[in-house]
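Participant: Okay, here's the prediction I keep looking at, along with the sequence it came from:
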Amino acid sequence: MIFATLEHILTHLSFSIVSIVIAIHLMILSVHEIIGLRHSSEKGMLATFFSLTGLLVIRWISSRHFPLSNLYESLIFLSWSFSIIHMVSKLWNNKNDLSTITAPSAIFTQGFATSGLSSKMHQSAILVPALQSQWLMMHVSMMLLSYAALLCGSLLSVAFLVITFRKNIDIFFRSKNLLILIKSFFFGKIEYLNEKRSVVKSTSFLSFPNYYKYQLIQRLDYWSYRVISLGFIFLTIGILSGAVWANEAWGSYWNWDPKETWAFITWTIFAIYSHTRTNQSLHGTNSALVASIGFLIIWICYFGINLLGIGLHSYGSFT
């Protein structure tokens with residue numbers, strides 16, 4: 001009874017804190033340099049991390065097995081993974097560009113786990129025989145950590161594409177305005193030139209907003225590559241450990257189960273992404289496009305088998 005009460009308190013506490021963190025981030029975006037709010041958001045994510053950690057530990061003690069046996073627990077662990085990625089990235093970079101990705105991702109996954117699933121799915125169940133193995137912690141935790149890192153990196157790539165697209169549109173229109181000015185000058189349309197004199201200001205390619213966008217694009221590209229590389233390592237370890245576990249449980253390293261097939265597709269997509277990063281000509285937009293495709297593939301891999309409820313990995317299905 002006490003464990004259930006503590007779980008309830010920690011679940012709602014972490015959800016409330018991360019909601020406040022997102023509200024603070026929105027305020028920071030609207031009013032740029034608010035130092036006090038920035039520190040408050042970091043403390044909020046730290047509190048969220050400890051709340052989710054406490055929730056997982058309590059479920060571990062009460063169920064007597066690592067809390068990754070069903071969809072609800074995996075979503076909570078995924079939310080915890082987003083928070084730990086936030087904390088680690090903060091240690092690497094004071095600006096913490098990942099904060100606008102990790103906080104919404106954490107509240108989305110935890111909100112779906114808390115409100116989108118039935119109350120029956122919140123209850124910890126006895127592990128099926130196939131899951132009663134020491135490989136449970138190794139395999140599933142590595143897969144979920146890889147999902148969290150790959151999703152964050154892919155979202156950064158999506159943001160890279162959006163900002164790059166807008167920047168290219170701005171450059172196109174500014175180039176067009178500059179062409180109009182040149183043509184009007186040579187054709188002697190002085191009166192037209194006077195009317196459009198204000199356009200000159202918008203043709204400055206070395207203006208501060210452009211320089212800021214350039215820096216932001218470079219940081220997004222840098223962090224997406226670093227986070228996706230980390231997630232790719234976790235994914236590789238998770239697939240290899242899962243193959244060893246499958247051989248122990250089912251007598252075969254690989255069965256082309258739907259979950260295994262989509263995990264292989266996910267690995268292939270991000271292997272292609274890693275290859276694009278080794279080729280200088282494929283940096284930037286090309287690699288970001290591959291990562292954006294990977295974002296969709298991850299969700300298919302994670303939720304696809306749960307929606308269908310088929311195959312050897314149907315333990316966490318919605319049914």
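Facilitator: Thanks, I have it.
Participant: Please make it C-alpha for all contacts and neighbour counts, starting now.
Facilitator: Noted.
Participant: Report the residue ranges of every domain in this protein.
Facilitator: 1-120, 131-171+207-319 (automatic domain parsing).
Participant: Least reliable of those domains by average pLDDT, please.
Facilitator: Of all these, domain 1-120 carries the lowest average pLDDT, namely a mean of 72.
Participant: before we move on, back to that, is it possible to export the domains of the chain to a markdown table including mean neighbour count?
Facilitator: Output for the domains of the chain, formatted as a markdown table (neighbours: other C-alpha atoms under 10 Å):
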| stretch | mean neighbour count |
| --- | --- |
| domain 1-120 | 18 |
| domain 131-171+207-319 | 18 |
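Participant: just so I have it, where are all the helices in this protein?
Facilitator: Counting by DSSP state H, the chain has these helices, from start to end: 2-30, 35-63, 71-92, 99-111, 119-122, 135-186, 190-195, 208-250, 258-278, 285-308.
Participant: Output those helices as CSV; include the columns distance to Val128.
Facilitator: Compiled in CSV, the helices of the chain are given as follows (distance: least, C-alpha to C-alpha, whole Å):
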stretch, distance to Val128
helix 2-30, 22
helix 35-63, 13
helix 71-92, 14
helix 99-111, 25
helix 119-122, 15
helix 135-186, 12
helix 190-195, 77
helix 208-250, 11
helix 258-278, 18
helix 285-308, 16
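Participant: out of the ones you listed, nearest to Pro129?
Facilitator: helix 208-250 (8.8 Å; C-alpha to C-alpha).
Participant: Taking helix 71-92 as reference, get the angle to that closest one.
Facilitator: 140 degrees (axes from the mean of the first three to the mean of the last three C-alpha atoms, to 10 degrees).
Participant: same for helix 208-250, what does it pack against?
Facilitator: Helices and strands touching helix 208-250, by 3 or more C-alpha pairs under 8 Å, 6 or more residues apart in numbering; DSSP states H and E, are helix 135-186, helix 258-278.
Participant: would you list those in CSV and tack on distance to Phe112?
Facilitator: Formatted as CSV, the helices and strands packed on helix 208-250 follow (distance: least, C-alpha to C-alpha, whole Å):
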stretch, distance to Phe112
helix 135-186, 15
helix 258-278, 21
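Participant: right, and the ones you listed - which one's nearest Ser241?
Facilitator: helix 135-186 (5.5 Å).
Participant: mind listing what the nearest residue to Phe234 once chain neighbours are set aside touches?
Facilitator: Ranked by C-alpha to C-alpha, 6 or more residues apart in numbering and with sequence neighbours excluded, the top spatial neighbour of Phe234 is Ser146, at 4.9 Å. Taking C-alpha atoms under 8 Å, 6 or more residues apart in numbering as the criterion, Ser146 is in contact with Leu230, Gly231, Phe232, Ile233, Phe234, Leu235.
Participant: Arrange these in CSV, one row each, with distance to Lys259 as further columns.
Facilitator: Listed next are those as CSV, based on distance: C-alpha to C-alpha, whole Å:
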residue, distance to Lys259
Leu230, 21
Gly231, 18
Phe232, 17
Ile233, 19
Phe234, 17
Leu235, 13
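Participant: of all these, which two lie farthest apart?
Facilitator: Counting by C-alpha to C-alpha, the most remote pair of the contacts of Ser146 is Leu230 and Leu235, 8.7 Å apart.
Participant: do you know how far Ser287 is from Asp221?
Facilitator: 9 Å (C-alpha to C-alpha, to the nearest Å).
Participant: Check Phe50 too.
Facilitator: Phe50 is 30 Å from Asp221, by C-alpha to C-alpha.
Participant: How about Leu235?
Facilitator: If you measure Leu235 against Asp221 using C-alpha to C-alpha, the figure is 21 Å.
Participant: same deal with Phe160?
Facilitator: The gap separating Phe160 from Asp221 is 7 Å, by C-alpha to C-alpha.
Participant: now do Lys120
Facilitator: 42 Å.
Participant: same question, Gln280
Facilitator: Noted for Gln280: a distance of 13 Å to Asp221, by C-alpha to C-alpha.
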